[in-house]
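Enquirer: After the sequence you'll find the predicted model.
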Amino acid sequence: MTGTTTYIAFLRAVNVGGRTVKMEPLRALFAELGLDDVRSYIQSGNVFFSTDETDRAALTVRIEQHLEQALGYAVPVMLRTVEEVAELVESDPFAGIEVTPEVRLCVVFLSEPLPADLEFPVRSPKGDWEIVSATPGAACTVLHLRDGRTVNPATMFPKSYRGQGTSRFFHTVVKILAAARKG
């Protein structure tokens, strides 16, 4: 297909908190929208598809509305092109940060850019997380486990932030990218 874009849809609120959605019906919901080459990766709401639609904002709204109607609850969707995810991964946003049993690297895909006045790194008062960098579409966070537990990275933004986010561990983002490229 010429003029098509392959997107990765990072879905929030899928297969958490009792909201279980099998991947086959989820793929079918995307196909119902006329999207092509629909595939999914693991059970945490990662869907790949191709489309010739050029208005990403309108496409996002269309997908969110269709999912809410079909599933009965809101499912925020963060659409990224394969190239955008590749650029993020290749930028090596966590260079020099060692993963240990107490440290996790996480990408929060954002619906809106973070406030422009944030200075990085942004650290929590408790020291359990820090945002080390951000692009308009993602915040790169380091989670420090306390007693084997961590915070939800999507809740760490200032109250002035009006957008939403959905998080994936960085090693999972790398795997998602590889799976999307196989298409």
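Expert: Looks like it came in fine.
Enquirer: list the contacts for Glu130?
Expert: Residues near Glu130 by C-beta atoms under 8 Å, 6 or more residues apart in numbering: 121-124, 141-142, 144. Every C-beta, even on glycine, is put in place using the N, C-alpha and C of the backbone.
Enquirer: pLDDT below threshold where in this structure?
Expert: Where the chain drops to pLDDT under 70, the residues are 1-2, 15, 153-155.
Enquirer: Quick check: can you list the domain ranges of it?
Expert: In terms of domains, the chain is parsed into 5-84, 90-170 (source: automatic domain parsing).
Enquirer: Which one, of those domains, ends up nearest to Ala180?
Expert: domain 5-84 (4.7 Å; C-beta to C-beta).
Enquirer: okay, how far is it across that closest one, tip to tip?
Expert: Taking C-alpha to C-alpha, to the nearest Å as the measure, domain 5-84 stretches 11 Å from start to finish.
Enquirer: chain center to that domain, what's the gap?
Expert: With C-alpha atoms, centre = their mean, to the nearest Å as the basis, domain 5-84 stands 11 Å off its chain's centre.
Enquirer: do the same with stretch 118-127
Expert: Here stretch 118-127 is found 21 Å from its chain centre; the criterion is C-alpha atoms, centre = their mean.
Enquirer: List the buried residues in it.
Expert: Buried residues in stretch 118-127, counting neighbours by 16 or more other C-beta atoms under 10 Å, are found at 118, 122.
Enquirer: And the contacts of it?
Expert: With contact meaning C-beta under 8 Å, 6+ apart, stretch 118-127 is reached by 129-134, 144, 146, 151, 156, 158.
Enquirer: returning to what we had before: can you convert the domains of the chain into JSON lines and add a column each for distance to Lys182?
Expert: Shown next, in JSON lines, are these (distance: least, C-beta to C-beta, whole Å):
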{"stretch": "domain 5-84", "distance to Lys182": "9"}
{"stretch": "domain 90-170", "distance to Lys182": "18"}
